[in-house]
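Colleague: Return atomic coordinates for the entry below.
(one chain, ligands or ions: 1)
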Amino acid sequence: MKILVAGAQGQLARALLGQAQARGGMKVVALGRPQLDLLDKASIPRVIAAVQPDLVVNAAAYTAVDRAESDAEAAFAVNRDGAGALAAAAAASNCPILHVSTDYVFDGTKAEAYVETDGANPVGVYARSKLEGEAAVAAANPRHLILRTAWLYAPYGQNFLRTMLRLAHERPQLRVIADQHGNPTYALHLADAILAIAARLGDDNGEAVWGTYHAAGGGETTWAGFAAAIVAAGARRGVPQAPVIPITTADYPLPAKRPANSRLDCSKLARTFGVRLPPWQQGVQECIEQLESVPAA
Ligand SMILES: NC(=O)c1ccc[n+]([C@@H]2O[C@H](COP(=O)([O-])OP(=O)(O)OC[C@H]3O[C@@H](n4cnc5c(N)ncnc54)[C@H](OP(=O)(O)O)[C@@H]3O)[C@@H](O)[C@H]2O)c1
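Modeller: The predicted structure is shown next:
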């Protein structure tokens, strides 16, 4: 089975490449700009024709949640139009697509974890562009899997875990939002899940499975809980044990609104594919072990 991953330098794209290489059996070709640019519509069919994949995974996105508020055109161009164009080009080559979306499609007003059939109601530009991207992918390619994930982090790239490790060196205490609830997701765990799903599709029993799934780390926490776990797990790597001071969303205004609850119920993924991501705390431990270096003071 050959997988073409759109996006090469992103957290998930790198994780997919690394995990496929570590496990063997699955050939992953990850291509980003300029070879595969979701804004350059001609590049997409050209790359698909050259690679001849059995599955396309869209790990490319405009992910700057706050910048999107003042840069909506760019966010929609990549997250809606680019995703749709990739799905259409895959369909034209009789190839299914696995598209990655976000927990932020929900407004956060539900008390429990969200299931796939819950109504989406994004509260920011990035989130709206991602929701419209889901619709564009589904319209363009009937053989689609849309995986909504959350709070993604890896040993590389720009993410909350790496920011907290740096700040623990720089500040005597960490003031972190404690009234937003979600599922930290280790990119390598998500990559493993995607590779397992791809293997199931390759088994040729995939016809009934197309649709939307939630795929996030097991358990739940707040950003403050996530931060405390990161700092504690960093102790073995010499990270100063800065205390985490819980604050509210109102204490830390940002351009984009975020849902207070974006917890994802991932049982449909488990029922359909037998795939469940490990508990989020395990992801934190593994990620910190994988870091080549922790930021120095
Ligand atoms: N990060 C999170 O917390 C989070 C949470 C929920 C869902 N997600 C979703 O998970 C997926 C993976 O996220 P991530 O954190 O791995 O993203 P990331 O690290 O920000 O990487 C995004 C990648 O997309 C590429 N890209 C942007 N515009 C492109 C274009 N026009 N053509 C081709 N590639 C383009 C970027 O390429 P360059 O390197 O060239 O800039 C970058 O490599 C995304 O769909 C995201 O929406 C992320």
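
Colleague: going forward, measure contacts and count neighbours with C-alpha atoms only.
Modeller: OK.

Colleague: Please see if stretch 107-124 touches the ligand.
Modeller: No. Using Cα under 6 Å from any ligand atom, stretch 107-124 stays clear of the ligand, with a minimum separation of 12.9 Å.

Colleague: Now do that stretch: distance to the chain's middle.
Modeller: The chain centroid and the centroid of stretch 107-124 are separated by 17 Å under Cα atoms, centre = their mean, to the nearest Å.

Colleague: and if you look at stretch 100-108?
Modeller: Mean C-alpha position of stretch 100-108 versus that of the full chain (Cα atoms, centre = their mean) differs by 10 Å.

Colleague: which residues are in contact with that stretch?
Modeller: Here stretch 100-108 makes contact (Cα atoms under 8 Å, 6 or more residues apart in numbering) with 57-59, 119-123, 127-128, 130-131, 134, 146-150, 258-264.

Colleague: ditto for stretch 2-9
Modeller: For stretch 2-9, using Cα under 8 Å, 6+ apart, the contacting residues are 13-14, 26-33, 36, 48, 51-61.

Colleague: at 6 Å what do you get?
Modeller: Residues from elsewhere that reach stretch 2-9, judged by Cα atoms under 6 Å, 6 or more residues apart in numbering: 13, 27-32, 53-60.

Colleague: restrict those to contacts with the ligand.
Modeller: 32, 59-60.

Colleague: So for Ala208, what's the pLDDT?
Modeller: pLDDT, Ala208: 78.

Colleague: Next one: it from the ligand, what distance?
Modeller: 24 Å (Cα to the nearest ligand atom, to the nearest Å).

Colleague: Look at that residue and say how many residues are nearby.
Modeller: 8 (other Cα atoms under 10 Å).

Colleague: Next: Gly225.
Modeller: 16.

Colleague: before we move on, what about Thr163?
Modeller: 12.

Colleague: what about it, distance to Ile230?
Modeller: 10 Å (Cα to Cα, to the nearest Å).

Colleague: what's the closest non-adjacent residue to whichever residue of the stretch 51-200 of the chain sits closest to the ligand?
Modeller: Using Cα to the nearest ligand atom, Ala60 is the residue of the stretch 51-200 of the chain that sits closest to the ligand, at 3.3 Å. Excluding the flanking residues, the one nearest Ala60 by Cα to Cα, 6 or more residues apart in numbering is Gly7, at 4.4 Å.
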